[in-house]
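Student: need a structure here:
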Amino acid sequence: MAIIVVQVEVNSTAGKVWEVISDIDNEPRFWKGTKEVKTLSKEGNVIKREITIAFRDQKCLQEIQLKPEEEIKATFTKGILDGTKIITLIPKNNTVILETKWDIKLSGKMNMFTAIIKNHIKSGTEQAMKSIKEEIEK
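Tutor: This next block holds a predicted model:
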């Protein structure tokens, strides 16, 4: 498994940060590795969806669990990625630490390439977090 952790400090309230990141249909705007999202079902704070990732336009299924103003947990349930991406809000004085933690691997025979894509995912996550921060602070 590849563990990737990226943090950014956002000069805002948890409510404002949550407002931006919890709009998960808007994910491709910030996360360049996500090309398209399609919600399949929604029950309370659990969303099942299909995403198309930039890596060879692969389709993956995800189950998203929303914990308002705390975290978004995306579990990859089918496709080339296996594992989780958790975005956590950590209030700190008058700011919010926004943290994204990946615990993933490529599934099946592609598993041997997990180490190769780790830096690519980290770089994409750093860019997404920077874009989210800029959107919130403008």
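
Student: Tell me the pLDDT of the spatially most distant residue from the centre of the chain.
Tutor: Most distant residue from the mean C-alpha position of the chain: residue 93, 24.5 Å away (Cα atoms, centre = their mean). Reading off the per-residue confidence, residue 93 sits at a pLDDT of 92.

Student: again with the one 3 residues further on
Tutor: On the pLDDT scale, residue 96 is placed at 97.

Student: if I pick it, what's in contact with it?
Tutor: With contact taken as Cβ atoms under 8 Å, 6 or more residues apart in numbering, residue 96 is in contact with 9-10, 12-14, 17, 89-90. Every C-beta, even on glycine, is put in place using the N, C-alpha and C of the backbone.

Student: Now the buried members of these.
Tutor: For the contacts of residue 96, burial is judged from neighbour counts taken by 16 or more other Cβ atoms under 10 Å, and it is met by 10, 12-14, 17, 89.

Student: Let's have the residues you listed in TSV, adding pLDDT and secondary structure.
Tutor: Converted to TSV, those look like this (pLDDT from 0 to 100; DSSP: H, G, I helix; E, B strand; the rest coil):
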residue	pLDDT	secondary structure
10	98	strand
12	96	coil
13	95	coil
14	95	helix
17	97	helix
89	98	strand
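
Student: Residue 36 belongs to a strand?
Tutor: Yes. When the secondary structure is assigned by DSSP: H, G, I helix; E, B strand; the rest coil, residue 36 falls within a strand.

Student: Leaving aside the residues adjacent along the chain, what's closest to it?
Tutor: For residue 36, the nearest residue in space outside its immediate sequence neighbours is residue 52; the separation is 4.2 Å by Cβ to Cβ, 6 or more residues apart in numbering.

Student: check contacts around the one you found.
Tutor: For residue 52, the contacting residues are 34-37, 58-60, by Cβ under 8 Å, 6+ apart.

Student: Now the two most distant members of those.
Tutor: Pairwise distances across those peak at 13.6 Å for 37 and 58 (criterion: Cβ to Cβ).

Student: name the element the residue most central in space within the chain belongs to?
Tutor: Of all residues in the chain, the one closest to the mean position by Cα atoms, centre = their mean is residue 85, 5.3 Å from it. Applying DSSP states H and E as the criterion places residue 85 in strand 81-92.
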